[in-house]
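Colleague: Take a look and give me a structure for this.
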Amino acid sequence: MTEPRRIAPDIFRDMQFGKEIYDVEILGTGNGQFIGLVKEDGSPCRIAFRGSTVMRDGRRVGLARGSMAWTAPHDDA
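Modeller: Down below sits the predicted model:
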C-alpha cells in the first residue's frame, strides 16, 4: 500500500494504521457525482455513500455522506 502521508498529509495527520479489513467500491456517474459501498470483512454491515467532487484549496476532492446499511438474511429453505 502507498504511504498515506505522501498522498494527503493533512487528512492522515496523527493517525495510526492497523490491519486492512475494509473493501471500498466507488463508481462515478459521469457528471461529477459518485456512489460507493464500504464492506467490512466477515460482517453484514455496510456503509453506502454518495457524493460529488468539489474544488478545495485548488485541488479536486470527493466529498461524501454515508448511511448505515446491511445485507439481508438469505432464506436458503
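
Colleague: And stretch 49-66, what's buried?
Modeller: Neighbour counts over stretch 49-66 (16 or more other Cβ atoms under 10 Å) mark 49, 51, 64 as buried. Bear in mind the C-beta positions are built from the backbone N, C-alpha and C, glycine included.

Colleague: Rebuild those residues as TSV, extending it with distance to residue 23.
Modeller: Putting the buried residues of stretch 49-66 into TSV (distance: Cβ to Cβ, whole Å) gives the following:
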residue	distance to residue 23
49	14
51	18
64	16
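
Colleague: show me what contacts residue 22?
Modeller: Contact analysis of residue 22 by Cβ atoms under 8 Å, 6 or more residues apart in numbering lists 38-41.

Colleague: From residue 33, how far out is it?
Modeller: According to Cβ to Cβ, to the nearest Å, residue 22 and residue 33 sit 22 Å apart.

Colleague: what's the answer for residue 58, then?
Modeller: On the measure of Cβ to Cβ, residue 58 and residue 33 end up 21 Å apart.

Colleague: re earlier: specify which member of the buried residues of stretch 49-66 is nearest to residue 10.
Modeller: residue 64 (17.6 Å; Cβ to Cβ).

Colleague: Now the closest one. Nearest residue, chain neighbours left out?
Modeller: Leaving aside its sequence neighbours, residue 64 sits nearest to residue 51 (Cβ to Cβ, 6 or more residues apart in numbering; 3.0 Å).

Colleague: now, which of the buried residues of stretch 49-66 lie within strands?
Modeller: Using DSSP state E to define strands, the subset of the buried residues of stretch 49-66 located there is 49, 51, 64.

Colleague: all helices of the protein, in order?
Modeller: Using DSSP state H, the helices of the chain run over 4-7.

Colleague: In it, where is pLDDT below threshold?
Modeller: Within the chain, the segments meeting pLDDT under 70 span 1-9, 74-77.

Colleague: make it 90
Modeller: Filtered on pLDDT under 90, the chain yields the residue ranges 1-15, 30, 56-57, 59-61, 71-77.
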